[in-house]
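Novice: Attaching a predicted model along with its sequence, questions to come.
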Amino acid sequence: MNNRLFRADQIGKQIVDIAFQIHKKIGPGLLESVYEKCFCYELGKRNIPFLSQQKVPIQYDDIVIAEGLRLDLLVDDLVIVELKAQEDYHPVWEAQLLSYLKLSNKHLGYIINFTVPLIKDGIKRMVL
């Protein structure tokens, strides 16, 4: 396994642990923005670099769309995290994350939906 893939996997373990910690401390039912602030705080406490609400340009033929997509979190320039706080799981989230991975040239992403009784049921790991 090359170094970037190993690092992404290690970051992924931290992301899952952070999701468990946040869900344990504050539970389901809050706004997505609250979970995002808590997530950023936890990443910072662990000295894991991240960008929040990262804009990623998209190239289509001869044009560049400057604000083509916006990632909730880009962790260590390796892992995309999309945070959700909705009762119903929408399969389009998976298509969205796969598109984000492809368009940003990343290989690992997570959908984390905090509005579930057990956080393990709200975490979806996706690899491109």
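Specialist: That came through, no problem.

Novice: I'd like to know how many residues surround the residue lying closest to H107 once chain neighbours are set aside.
Specialist: The spatially closest residue to H107, leaving aside those adjacent along the chain, is L128, at 5.1 Å (Cβ to Cβ, 6 or more residues apart in numbering). Every C-beta, even on glycine, is put in place using the N, C-alpha and C of the backbone. Number of residues near L128 (other Cβ atoms under 10 Å) recorded here: 15.

Novice: who touches L128 in this structure?
Specialist: 98, 101-102, 106-109 (Cβ atoms under 8 Å, 6 or more residues apart in numbering).

Novice: can you check V92 too?
Specialist: Applying Cβ under 8 Å, 6+ apart, no residues contact V92.

Novice: what helices or strands is the helix or strand harbouring R70 leaning on?
Specialist: If you go by DSSP states H and E, R70 is part of strand 63-75. Packing partners of strand 63-75 (3 or more Cβ pairs under 8 Å, 6 or more residues apart in numbering; DSSP states H and E): helix 32-45, strand 50-60, strand 79-84, helix 92-104.

Novice: With that, I have no additional questions.
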